[in-house]
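**Q** give the three-dimensional model of this entry:
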Amino acid sequence: MYTRIIVAVDGSQTSRRAFEAALELARSTGAVLQPFYVIENTPLYFEAPGYDPAVLRNSLIEQGKELGAQFAREMDAKGVKGEILVSEAASLDDVSTAILKAAADFNADLLVMGTHGRRGFRRLILGSVAERCLRQAGLPVLLIPSAAGRSSDDAHAPS
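**A** Numbering: from 1, shown residues only. The predicted model follows:
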């Protein structure tokens, strides 16, 4: 079935659910798993007067390191091989491009991503990295909705 799985992670609960699904799938199929974390260097954040962009960037780098260590422990506990990859992107469009490039470089045969399930105006304004990847991917994409794993009461609450 799948032998090389890449999962996009960003520290959110939604990406946590995607990681857990990818981890279980990798464990059950014996696949190698590569969590992929993108540091987003969106110029919008850098143009605020008096704001030092290094603060946000350093925070995201630290988050990537912490996630990497945490995911490595969980993968080791489940007997799943692989390691986290960290990259940087200059915009939201670049995030989806970076994910697809990492999938190609890893020779992945499955991409797993979480999706926040935004609708209407929020989707229009915020966009969807998952949607961009899905539309442009040359490999199967497994989308894990933000409501996955929640109780039915929690599933109706806004994300």
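**Q** what's Leu33 sitting at in phi/psi?
**A** phi -120, psi 130 (degrees, to the nearest 10).
**Q** neighbours around it, how many?
**A** As a burial measure, Leu33 scores 27 neighbours (other Cβ atoms under 10 Å). (C-beta placed from N, C-alpha, C; glycine too.)
**Q** pretty sure it contacts Ile84?
**A** No - between Leu33 and Ile84 there is no contact under Cβ atoms under 8 Å: 9.4 Å.
**Q** where do the helices sit along this structure?
**A** Assigned by DSSP state H, the chain shows helices spanning 13-29, 43-46, 53-78, 92-106, 120-126, 129-136, 152-155.
**Q** list the buried residues of the fourth one.
**A** It stands for helix 92-106. The neighbour-count check on helix 92-106 (16 or more other Cβ atoms under 10 Å) flags 92, 94-100, 102-103, 106 as buried.
**Q** that one - what's its average pLDDT?
**A** Throughout helix 92-106, pLDDT has a mean value of 89.
**Q** repeat that for stretch 138-153.
**A** For stretch 138-153, mean pLDDT is 76.
**Q** any stretches of the protein with poor pLDDT?
**A** Where the chain drops to pLDDT under 70, the residues are 42-51, 53, 91-93, 117-127, 148-159.
**Q** what about 50?
**A** For the chain, the stretches flagged by pLDDT under 50 are 121-126, 151-156, 158-159.
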